[in-house]
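>>> predicted model, plus sequence, below.
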Amino acid sequence: GESVGLHLPTLSVQEGDNSIINCAYSNSASDYFIWYKQESGKGPQFIIDIRSNMDKRQGQRVTVLLNKTVKHLSLQIAATQPGDSAVYFCAENRNNAGNMLTFGGGTRLMVKP
Amino acid sequence: KAGVTQTPRYLIKTRGQQVTLSCSPISGHRSVSWYQQTPGQGLQFLFEYFSETQRNKGNFPGRFSGRQFSNSRSEMNVSTLELGDSALYLCASSLVESNTGELFFGEGSRLTVL
């Protein structure tokens, strides 16, 4: 919705296709990397996280890949559905920093029926 | 199980006024964090409270303050409001103390400063 920015990068995919959302992070000391989904008028919703000592983690229809060499994080959504339309944020957290997340700028995913 | 509840959902203030926002975390959650969301700056961390103590603070001026009560409910206050304080203020709670970053967000309080 209008609360998350007017000029977000947008990814448009056909229903049933796979989606890949990318994120670059900056802090090599981060211990956790997290993906959140924000639908219009709602707060962000946790999707999946990955610890820095892993390079891949799978959930239900989602996979997160972490490449620490180039500080890159990606979220793959299989068989994208209209209900996946939202803004997706990556975030990073340091284990000894409580819950002080640093969020990326967000990517808007639009699913065409 | 009820989610994170934020009140009020919408409010309009004028420059120079102050505002208090309230957050009730999920039952059993003792960590409460606050974030500001604007189109220009995105989601930015304000502060985190755990067991009534401020555990972390973001890079915001002293006009932004908060507190947490013994029942884990939290409030944040913004004094001497400026136009740039217009934003969606999100509260998030967390059960675990391992700080993985899995937060449960409320729907936010949308503040408009005129």
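Thanks, I have the structure now.

>>> only C-alpha atoms for contact and neighbour calcs from this point on.
Will do.

>>> any idea which helix or strand in chain B has the lowest mean pLDDT?
Lowest by mean pLDDT, DSSP states H and E among the helices and strands of chain B is strand B:53-57, with a mean of 91.

>>> dump that strand to PDB, restricted to CA.
Output in PDB follows, covering the C-alpha atoms of strand B:53-57 (Å, rounded to 0.1, in the frame of the first residue of the first chain):
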ATOM      1  CA  THR B  53      14.300  -2.000  30.200                       C
ATOM      2  CA  GLN B  54      15.300  -0.300  27.000                       C
ATOM      3  CA  ARG B  55      17.700  -2.800  25.400                       C
ATOM      4  CA  ASN B  56      18.400  -1.000  22.100                       C
ATOM      5  CA  LYS B  57      17.900   2.500  20.700                       C
END
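
>>> tell me which strands that strand pairs with, and in which orientation.
The strands beside strand B:53-57 in its sheet (DSSP bridges) come out as strand B:42-50 (antiparallel).

>>> just the angle between the helix or strand encompassing A:Cys90 and strand B:42-50, please?
Using DSSP states H and E, A:Cys90 sits within strand A:86-93. Relative orientation of strand A:86-93 and strand B:42-50, computed by axes from the mean of the first three to the mean of the last three Cα atoms, to 10 degrees: 50 degrees.

>>> can you confirm A:Thr80 is in a helix?
No - read with DSSP: H, G, I helix; E, B strand; the rest coil, A:Thr80 is coil and lies in no helix.

>>> the spatially most central residue of chain A: which element?
Nearest to the mean C-alpha position of chain A, by Cα atoms, centre = their mean, lies A:Trp35 at 3.6 Å. Using DSSP H and E, A:Trp35 maps to strand A:32-38.

>>> related to what we said a few turns ago, from the contact counts, what lies against the helix or strand that comes right after the strand holding A:Cys90?
Moving toward the C-terminus from strand A:86-93, the next helix or strand (DSSP H and E) is strand A:102-103. Packing partners of strand A:102-103 (3 or more Cα pairs under 8 Å, 6 or more residues apart in numbering or on different chains; DSSP states H and E): strand A:86-93, strand B:42-50.

>>> just put those in a markdown table and tack on distance to A:Arg57, mean neighbour count and mean pLDDT.
Shown next, in a markdown table, are these (distance: least, Cα to Cα, whole Å; neighbours: other Cα atoms under 10 Å in any protein chain shown; pLDDT from 0 to 100):
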| stretch | distance to A:Arg57 | mean neighbour count | mean pLDDT |
| --- | --- | --- | --- |
| strand A:86-93 | 15 | 25 | 94 |
| strand B:42-50 | 25 | 24 | 95 |
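
>>> kindly reformat those strands as JSON lines containing distance to B:Gln68.
Shown next, in JSON lines, are those (distance: least, Cα to Cα, whole Å):
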{"stretch": "strand A:86-93", "distance to B:Gln68": "22"}
{"stretch": "strand B:42-50", "distance to B:Gln68": "6"}
